[in-house]
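Asks: have a look at this prediction, sequence included:
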Amino acid sequence: MLIVGEVHTGLLRGPAPVTAEDARTLVDLVVGEPVLVSERPIAYVRSPAVPVGIDCPLIPAGTNRQVRGIGTVLQRTAVTGGHVIQGSAHATIEPAPGTAREPWSYYLARPGVVETVGKAGPDVLAAALAAPVPGTVDLGAIAARGLGRVQDSRPGRSALKSGRTRLRWLVETGAPQVSVRFTLRRDDQRMLHVTVPDGAAASACAVAEDVALHDWLLTSVLAAVRKAAPGVLERGEALRRLTPVIDYLLHLWMPDARGDDLSGAVWAALETRPGFSRQWDTVVARIRDQLSAGAVASLAGLVAAKPAPASPR
């Protein structure tokens, strides 16, 4: 079995973080369906899943195989810490029981399942889903749709400028143990490929969203430090540029916060290589060193400016 998805992550628009109640309103996409709200260990609000129907190729045109995917993709949106917005889409890929296309009522009764019509080995199908090209299923467009709805409803600009990242993820079941491969494709594109034993993929979407969140945090903080240019710009200017990062992002780092067995195994692999928290700790230490140096410089300036006591007559 294959499960494929994509997560888009960015900074929630607006000058201040949203409360849990405001976030609930923003992501309430389905009338009558409950919104997940959690305050521990970190504020988190997630919309109900919305099924989106698809009927499109799963393997690029021009190959010697014609494989279509028909069914529904689940779309959902989440806000973490009142600051970070995520839109995601995912589906389980299964072979169709026959070659005839069923009425839509059949596919709507199986939300989050896309059936394949046509023959292709699991390796060929997995490779096509992991490396999407124009003409195949566009999970990114579905993921971005919910995120865009939330952003469009938020007026104003944030004090921190940060781009979006896109994480495509693929889970293959049937492996003897969990294995993880994380790849940076371009500045804003990543790939997470996980193999798991049968029955161990129930939380795959939540795990992928957690990885996407922390990859975005690390990417955004590294970019902010580069723009602040410590050691190049005057220290006060560097600290001014870093202040929104301190206010908005540093407190959100909490990998595997809601972890289960799959989350623990994925994060254990990512902490070993490429070493998410190791790199995060290094860049946060650099920011704190700048704060410390700035505080020392300010104190030294105050001492120097203090008038000397008058000598006794």
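Replies: Yes, it's here. The shown structure was predicted, so the numbers you read here are calculated from the model rather than taken from an experiment.
Asks: before we move on, what SS does residue 71 have?
Replies: The assignment at residue 71 comes out as strand when based on DSSP: H, G, I helix; E, B strand; the rest coil.
Asks: ok, the nearest residue to it once chain neighbours are set aside - contacts?
Replies: Spatially, and ignoring its direct neighbours in sequence, residue 71 is nearest to residue 114 (3.7 Å; Cβ to Cβ, 6 or more residues apart in numbering). C-beta: built from backbone N, CA, C; applies to glycine. By Cβ atoms under 8 Å, 6 or more residues apart in numbering, the contact list for residue 114 reads 54, 58, 69-73, 91-94, 137.
Asks: run the chain-centre distance for the helix or strand hosting residue 114.
Replies: According to DSSP states H and E, residue 114 maps onto strand 113-117. How far strand 113-117 lies from its chain's middle: 26 Å, per Cα atoms, centre = their mean, to the nearest Å.
Asks: what strands flank it, and is each parallel or antiparallel?
Replies: strand 68-80 (antiparallel), strand 84-95 (parallel) (DSSP bridges).
Asks: TSV for those, including distance to residue 205, mean neighbour count and mean pLDDT?
Replies: Output for the strands paired with strand 113-117, formatted as TSV (distance: least, Cβ to Cβ, whole Å; neighbours: other Cβ atoms under 10 Å; pLDDT from 0 to 100):
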stretch	distance to residue 205	mean neighbour count	mean pLDDT
strand 68-80	8	24	96
strand 84-95	5	24	96
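Asks: now the ones you listed in a markdown table, with distance to residue 122?
Replies: Formatted as a markdown table, the entries for the strands paired with strand 113-117 read as follows, by distance: least, Cβ to Cβ, whole Å:
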| stretch | distance to residue 122 |
| --- | --- |
| strand 68-80 | 14 |
| strand 84-95 | 9 |
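Asks: for residue 1, find the nearest of those.
Replies: Ranking the strands paired with strand 113-117 by proximity to residue 1 (Cβ to Cβ) places strand 84-95 first, at 6.5 Å.
Asks: next structured bit after the closest one?
Replies: Downstream of strand 84-95 (by DSSP H and E), the next one is helix 104-108.
Asks: so which elements touch that next one?
Replies: Counting contacts by 3 or more Cβ pairs under 8 Å, 6 or more residues apart in numbering; DSSP states H and E, helix 104-108 packs against strand 50-57, strand 68-80.
Asks: angle of the shortest one against strand 113-117?
Replies: By that I understand strand 50-57. 10 degrees (axes from the mean of the first three to the mean of the last three Cα atoms, to 10 degrees).
Asks: which elements pack onto strand 50-57?
Replies: Against strand 50-57 (3+ Cβ pairs under 8 Å, 6+ apart) you get strand 68-80, helix 104-108.
Asks: related to what we said a few turns ago, which among the contacts of residue 114 gets closest to residue 200?
Replies: Of these, the one sitting nearest to residue 200 (Cβ to Cβ) turns out to be residue 92, at 13.8 Å.
Asks: low-confidence stretches in this protein?
Replies: 62-64, 133-135, 300, 302-313 (pLDDT under 70).
Asks: what segments of it are helices?
Replies: Under the criterion DSSP state H, the chain contains helices at 20-27, 104-108, 122-130, 139-152, 204-228, 235-248, 261-272, 276-305.
Asks: and those helices: which comes nearest residue 193?
Replies: helix 122-130 (6.2 Å).
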